[in-house]
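**Student:** sequence and predicted structure, then a few things I'm wondering about:
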Protein chains: 2
Amino acid sequence: MTSNINIAIDVMGNDKGPEVIIEASSISKTRYPDIKYTYFGDRKLISKYLKKYRNLIGSYQIMHTEEQVLPEDKPTLALRKRKSSSMGRALAYLKDKKVEALVSAGNTGALMAMAKLELRMLEGILRPAIAATFPHKKGEFVMLDLGANTECSHEHLVQFAIMGSEFAKVVLGKEEPKLAILNIGTEADKGKVYINETAKNLKESYLSKNFIGYIEGNDITSGLADVVVSDGFSGNIALKTAEGVATLCSNYIKNIFQSSFLGKVSFILLSKKLRALKDKLDPRKRNGALFLGLNGIVVKSHGGADALGFASAIDIAYEFADEDIAKKIIGNISKQNI
Amino acid sequence: MTSNINIAIDVMGNDKGPEVIIEASSISKTRYPDIKYTYFGDRKLISKYLKKYRNLIGSYQIMHTEEQVLPEDKPTLALRKRKSSSMGRALAYLKDKKVEALVSAGNTGALMAMAKLELRMLEGILRPAIAATFPHKKGEFVMLDLGANTECSHEHLVQFAIMGSEFAKVVLGKEEPKLAILNIGTEADKGKVYINETAKNLKESYLSKNFIGYIEGNDITSGLADVVVSDGFSGNIALKTAEGVATLCSNYIKNIFQSSFLGKVSFILLSKKLRALKDKLDPRKRNGALFLGLNGIVVKSHGGADALGFASAIDIAYEFADEDIAKKIIGNISKQNI
């Protein structure tokens, strides 16, 4: 595939500093040799680290910024840094279509607030949502919202269902992704009122044929649904709990293989398969969430991601830069029946 | 330990039928030879299955009931079956102190509604909560509420913190259990308003010295907190998601060892350690949640638990039957500063 995809990189947002981000962009460059970057941040620092990665030569520009949004900045404070920070200037570039997508590991609340203001929401969308893919027994599924909206109404959730379904078509390649709502039981009146309302609305919408009802936490990994919709609070709790348990499992497995001679022998015998398992359980390999519902592709990386993690967020930005799911979302939002 | 502990068993509540429950009581009897049972359910069925388990001879009585609470019964319908169902009659026995504790695998909502009505809440308690222990990196932690209260206020959460801390003292043996609130960030104003209010209240309460603030889903398994407090909706989502991911990990590991000759050889080399890991990841081994805040020990088993799972719920009932955490909870509720 040859393209002209230029990705804006907010170099200043990562907990581990700019070097990790430059290294990440070099890793993604080996996967997508035609990728171009526009780095936003401290020119001196960026130039210094760029020297280490020769495969990046000739495929980037640097936009110097003096300010940065800090992890502890409230969205209101961050908005004041909109014109001058690495995050804000990168978003302005995206708005002006000078880049095809943006990746940041910065403050999620600030990035969302700024992105809403700068890019504006797609026509008809009430609130953007954060979406990502996760492994289940038979492959992968899409989950949203993962933390943009702490409180939601059924109108929001119906829109998340529409956006998530379009996202799943692209990312999972399924034409009719099965859709479920995260809940604490499967009977019609279980859980919260706005969840029951969402179910009613979806049953009457064009999505009804793909809507399988409520799904409980233990079934999101069993492969029943391709798209799991929830409010941002519950979605974030589910996502992070899953991450924590996966890490715990990794540790248990590591201990088994490291704590004895027989374990070490078995490790050698099985090393290839164990590496594949480690990849499956490694949250870094799945890093990168898409902001859905905006006029532009914004990918949020974990603040604590290392180079491998941030590279996976860049990969997502690259893969979505060519897709026009925005149009499909706008088309389907107008079809909704709420 | 010799005692006179008699456990009421609701034989009719399990998805897998009464036999599994009788088998479970036989398993627990091997662990606690002095345990006594009072079975509530269909006498014919119970007698039939009891014949298979000779270690139960002489240590039980049967209370015949005609009716049972069905999984799909709404709490209001269930309450009408209070006098006649296996669940309702077992609760009446517990109320009258003819038994020391009760175990049921029946409909959670119905069990909670009936238990509230029959046993009444401890003095000062606004709402009971469902609590259980889970593994983390360094041992175990207590989590509550796991589904009794979909909507909560900060008053409820402060009480859950008090009850959970007392529960942790007994079950984890820690004198000063570290306490955290489940949230989607660690800054003071993150998440929902009632969560922020709870944090403020706890900082001003007698629990302040043990209160470590908010905890995110990925850190509940990292061993930072001994008690994690949340509303019943989020708690249930976290619990079940953790269960799902643990099952997924088990499947991955099983595949590694079963899919090749080298895998099978390694499995033999490591079988003892792998069995221990399987136990850690097996939700059946951790089955059984305690209803906290009631005048009586009620343990809820998973509806789908097998004999091993239901036996673990009986074990919990037995272990708590001797503890008088109710008095400590009442004492601390009066100390609270909300």
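**Tutor:** Structure's in. What do you need?
**Student:** ok, residue A:141 to chain B distance?
**Tutor:** Between residue A:141 and chain B the distance is 11 Å, computed by CB to the nearest CB, to the nearest Å. All C-beta spots, glycine's among them, are computed from the backbone N, C-alpha and C.
**Student:** that residue against residue A:220, yeah?
**Tutor:** Yes. If you go by CB atoms under 8 Å, residue A:141 and residue A:220 touch, sitting 6.9 Å apart.
**Student:** what's the overlap in contacts for these two?
**Tutor:** Common contacts of residue A:141 and residue A:220 (CB atoms under 8 Å, 6 or more residues apart in numbering or on different chains): A:134, A:228.
**Student:** just give the nearest non-adjacent residue to whichever residue of the stretch 51-200 of chain A sits closest to chain B, would you?
**Tutor:** Nearest to chain B in the stretch 51-200 of chain A, going by CB to the nearest CB, is residue A:184, at a distance of 4.2 Å. Excluding the flanking residues, the one nearest residue A:184 by CB to CB, 6 or more residues apart in numbering or on different chains is residue B:236, at 4.2 Å.
**Student:** got a list of what that neighbour touches?
**Tutor:** Residue B:236 makes contacts with A:184, A:216-217, B:146-147, as judged by CB under 8 Å, 6+ apart.
**Student:** you'd agree residue A:269 is up against residue B:265?
**Tutor:** Yes. Between residue A:269 and residue B:265 there is a contact under CB under 8 Å: 6.7 Å.
**Student:** surely the residue of the stretch 51-200 of chain A closest to chain B forms part of a strand?
**Tutor:** No. Going by DSSP: H, G, I helix; E, B strand; the rest coil, the assignment for residue A:184 is coil, not a strand.
**Student:** ok, now which ones touch residue A:40?
**Tutor:** For residue A:40, counting by CB under 8 Å, 6+ apart, the contacting residues are A:8-12, A:63, A:65, A:86-87, A:89-90, A:93.
**Student:** Three-state assignment for it, please.
**Tutor:** Once three-state DSSP is applied, residue A:40 turns out strand.
**Student:** the strands in chain A, which residues?
**Tutor:** Secondary structure of chain A (DSSP state E): strands located at A:6-10, A:36-41, A:60-64, A:101-104, A:129-136, A:139-144, A:179-182, A:211-215, A:227-229, A:289-292, A:297-300.
**Student:** make CSV out of these and add mean pLDDT.
**Tutor:** Below are the strands of chain A laid out as CSV (pLDDT from 0 to 100):
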stretch, mean pLDDT
strand A:6-10, 97
strand A:36-41, 97
strand A:60-64, 97
strand A:101-104, 97
strand A:129-136, 92
strand A:139-144, 94
strand A:179-182, 98
strand A:211-215, 97
strand A:227-229, 98
strand A:289-292, 94
strand A:297-300, 95
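**Student:** quick one: pLDDT of residue A:280?
**Tutor:** Confidence at residue A:280, expressed as pLDDT, is 73.
**Student:** do residue A:225 as well
**Tutor:** 97.
**Student:** coming back round to it: identify the farthest-apart pair in the contacts of residue A:40.
**Tutor:** A:12 and A:93 (14.7 Å; CB to CB).
**Student:** neighbour count: these two, which is higher?
**Tutor:** Higher neighbour count among residue A:12 and residue A:93: residue A:12, with 26 against 19, using other CB atoms under 10 Å in any protein chain shown.
**Student:** circling back: pull the most distant pair out of the contacts of residue B:236.
**Tutor:** A:216 and B:146 (12.3 Å).
**Student:** between the two, which one's more packed in?
**Tutor:** Between residue A:216 and residue B:146, residue B:146 has the larger neighbour count (other CB under 10 Å), namely 26 against 23.
**Student:** show me where chain A dips below the pLDDT cut-off.
**Tutor:** A:1-3, A:283-285, A:337-338 (pLDDT under 70).
**Student:** how does it divide up, domain by domain?
**Tutor:** The record assigns chain A these domain ranges, following automatic domain parsing: A:1-125+A:293-323, A:126-286.
**Student:** let me know whether stretch A:240-247 sits next to chain B.
**Tutor:** Yes. For stretch A:240-247, a contact with chain B is found by CB under 8 Å from any CB of the partner chain, at A:240-247.
**Student:** just checking, the residue of the stretch 51-200 of chain A closest to chain B touches residue B:147?
**Tutor:** Yes. Using CB under 8 Å, residue A:184 makes contact with residue B:147 at a distance of 5.7 Å.
**Student:** what residues are shared contacts of the two?
**Tutor:** B:232-233, B:236.
**Student:** how much space separates residue A:282 from residue A:21?
**Tutor:** Residue A:282 sits at a distance of 19 Å from residue A:21 (criterion: CB to CB, to the nearest Å).
**Student:** those two: which is more packed in?
**Tutor:** Using other CB under 10 Å, the more surrounded residue of residue A:282 and residue A:21 is residue A:21, with 31 against 17.
**Student:** pick the most deeply packed of the strands of chain A.
**Tutor:** For the strands of chain A, average neighbour numbers computed from mean count of other CB atoms under 10 Å in any protein chain shown are highest in strand A:227-229, which has a mean of 30.
**Student:** could you give the separation of that one from the chain centroid?
**Tutor:** Offset of strand A:227-229 from its chain centre (CA atoms, centre = their mean, to the nearest Å): 14 Å.
**Student:** which residues does residue A:296 contact?
**Tutor:** Applying CB under 8 Å, 6+ apart, the residues near residue A:296 are A:91, A:94-95, A:101-102, A:115, A:119.
**Student:** contacting residues for residue A:121?
**Tutor:** Contacts of residue A:121 by CB under 8 Å, 6+ apart are A:127-128, A:293-295.
**Student:** give me the beta-bridge partners of it?
**Tutor:** residue A:294 (DSSP bridges).
**Student:** same question for residue A:228.
**Tutor:** On the basis of DSSP bridges, residue A:228 is bridged to residue A:143, residue A:180.
**Student:** which residues of the stretch 101-250 of chain A lie near chain B?
**Tutor:** A:135-137, A:147, A:150-151, A:182, A:184, A:187, A:191-192, A:216-222, A:230, A:232-234, A:236-249.
**Student:** quick one: buried ones out of those residues?
**Tutor:** With burial judged by 16 or more other CB atoms under 10 Å in any protein chain shown, the buried subset of those is A:135-136, A:147, A:150, A:182, A:184, A:191-192, A:216-222, A:230, A:232-234, A:236-249.
**Student:** for chain B, see how far away residue A:297 is.
**Tutor:** Residue A:297 is 24 Å from chain B, by CB to the nearest CB.
**Student:** hmm, that residue is touching residue A:318, no?
**Tutor:** No. Using CB under 8 Å as the test, residue A:297 is too far from residue A:318 to be in contact (9.5 Å).
**Student:** okay, and the common contacts of the two?
**Tutor:** residue A:101.
**Student:** and residue A:289, what does it touch?
**Tutor:** By CB under 8 Å, 6+ apart, the contact list for residue A:289 reads A:130-132, A:146, A:299-300.
**Student:** just residue A:217 next, same as before
**Tutor:** A:182, A:238, A:241, B:236-244.
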